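**Q** Pasting the sequence and the predicted coordinates here, then a few questions.
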Amino acid sequence: MKNKRGWFAFPYVIWMALFVVIPIVIMAVYAFTAADPATGATQPTLGNFTGMGLYLSVFLRSFWLALLATLVCLLIGYPVSYWMAKEGPRFQRLAMALIMLPMWMNFLLRTYSWMSILENNGLLNQLFQNIGVIDLYNRIAPFFVDLHNVFARYFGGAETSFVPIYHFQMIGTPGAVVLGMVYNYLPFMILPIYSVIVKLDNSLIEAARDLGADGVRVFRRVIFPLSLPGILSGVTMVFVPSVSTFAISNLLGGGNQMMLGDLIELQFLGGAYNPHLGAAISMVMMVIVVVCMVVMNHFGEGEEQAVML
């Protein structure tokens, strides 16, 4: 009977081999080889990895923006999850539907919608023009420019002149990239935290209150430690796709905020075309992501054991 059931896993094994194992092997072969410029033959080399120092700024930018997006998602997602868990079932179902509703749209459509909001003639800049925010900026900014020039004359430095603006530049900035990440990945932070908080044993909270703990202490000593597994799952689910994204940084970054995903795409599809370097960058990113996930899972298991003790 067990042998017959094992045959049901055969399609899954084939699928994993074709679309996971074999691509990783091909990527590893490309990462550790390079084409000889003279003969065109591929030779083993570590030059693809040693040459990554040229792209250190891209690595740092990717991890920095991913950390910012993860932190913002956590700061927004935890209060929302806690609030949902404390409400009734009807409200929870409604809130869950509203959170998941954007996820039913295509990923690129959601990103393009933010482009129409943040672009120079977008909805947000039109709103700022209609309510007078841009005019207010043009009236106030010259004072600070003159103040800067006064300090520049006395303490040394370059003087500047004020140029009126007609819109706020939002597309092509790190803030736009982080905003796109938060919008697209926030549900991945809310759902695991909510699923943990909603299942907490209320008797533990009542026991802490019976022992004289106030609301802040109950949250700090009982609720927050017990919700750490959900937090760690949410952090992993947001950070991993954020550090490797390329559509958000490409569209909302306006080509000015290159991240690892954009760099890899450039090596395979762009004018640079160096699949060996692209494969090496992919391997490094994959190793870093796996290490982060292992550390998160290990830390989560340690926290669970500490709470149980």
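**A** Structure's in. What do you need?

**Q** Let me know how buried residue 234 is, in neighbour terms.
**A** Using other Cβ atoms under 10 Å, the number of residues around residue 234 comes to 29. Yep, even glycine has a C-beta here, placed from its N, CA and C like the rest.

**Q** Hmm, it is touching residue 195, no?
**A** No - because the distance of 9.9 Å does not satisfy Cβ atoms under 8 Å, residue 234 is recorded as not touching residue 195.

**Q** Dump the C-alpha coordinates for stretch 54-61 into PDB.
**A** Below are the C-alpha coordinates for stretch 54-61, written out as PDB (Å, rounded to 0.1, in the frame of the first residue of the first chain):
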ATOM      1  CA  LEU A  54      32.100  46.600  -8.700                       C
ATOM      2  CA  TYR A  55      28.500  46.100  -7.800                       C
ATOM      3  CA  LEU A  56      28.800  46.500  -4.000                       C
ATOM      4  CA  SER A  57      26.600  49.600  -4.100                       C
ATOM      5  CA  VAL A  58      23.800  47.600  -5.700                       C
ATOM      6  CA  PHE A  59      24.100  44.900  -3.000                       C
ATOM      7  CA  LEU A  60      24.000  47.500  -0.200                       C
ATOM      8  CA  ARG A  61      21.100  49.400  -1.800                       C
END
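
**Q** what's the offset of that stretch from the middle of its chain?
**A** In terms of Cα atoms, centre = their mean, to the nearest Å, the centre of stretch 54-61 is set 16 Å apart from its chain centre.

**Q** avg pLDDT for that stretch?
**A** On average, the pLDDT along stretch 54-61 is 90.

**Q** what does that stretch contact?
**A** The set of residues external to stretch 54-61 that reach it, using Cβ atoms under 8 Å, 6 or more residues apart in numbering, is 52, 174, 257, 258, 259, 260, 262, 263, 281.

**Q** and the two most separated of the residues you listed?
**A** For the contacts of stretch 54-61, with distances taken as Cβ to Cβ, the pair at the greatest spread is 52 and 174 (21.9 Å).

**Q** Neighbours of residue 137, how many?
**A** Residue 137: 13 neighbours (other Cβ under 10 Å).

**Q** Spit out the contact partners of it.
**A** Counting by Cβ under 8 Å, 6+ apart, the residues that residue 137 touches are residue 165.

**Q** helix or strand for it, which one?
**A** helix 133-155 (DSSP states H and E).

**Q** Give the rounded mean pLDDT of the next helix or strand after that helix.
**A** Remark: after helix 133-155, the chain's next helix or strand is helix 174-197, criterion DSSP H and E. Taken as a whole, helix 174-197 has an average pLDDT of 92.

**Q** And helix 174-197, how far out from the chain middle?
**A** On Cα atoms, centre = their mean, the centre of helix 174-197 falls 8 Å from that of its chain.

**Q** Give me the buried positions along it.
**A** Neighbour-count burial for helix 174-197 flags 174, 176-197 (criterion: 16 or more other Cβ atoms under 10 Å).

**Q** Which neighbouring elements make contact with that helix?
**A** Packing contacts for helix 174-197, counted by 3 or more Cβ pairs under 8 Å, 6 or more residues apart in numbering; DSSP states H and E, involve helix 56-86, helix 89-100, helix 107-118, helix 228-243, helix 247-251.

**Q** Can I get those in a markdown table including distance to residue 205?
**A** Formatted as a markdown table, those follow (distance: least, Cβ to Cβ, whole Å):
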| stretch | distance to residue 205 |
| --- | --- |
| helix 56-86 | 11 |
| helix 89-100 | 18 |
| helix 107-118 | 37 |
| helix 228-243 | 16 |
| helix 247-251 | 39 |
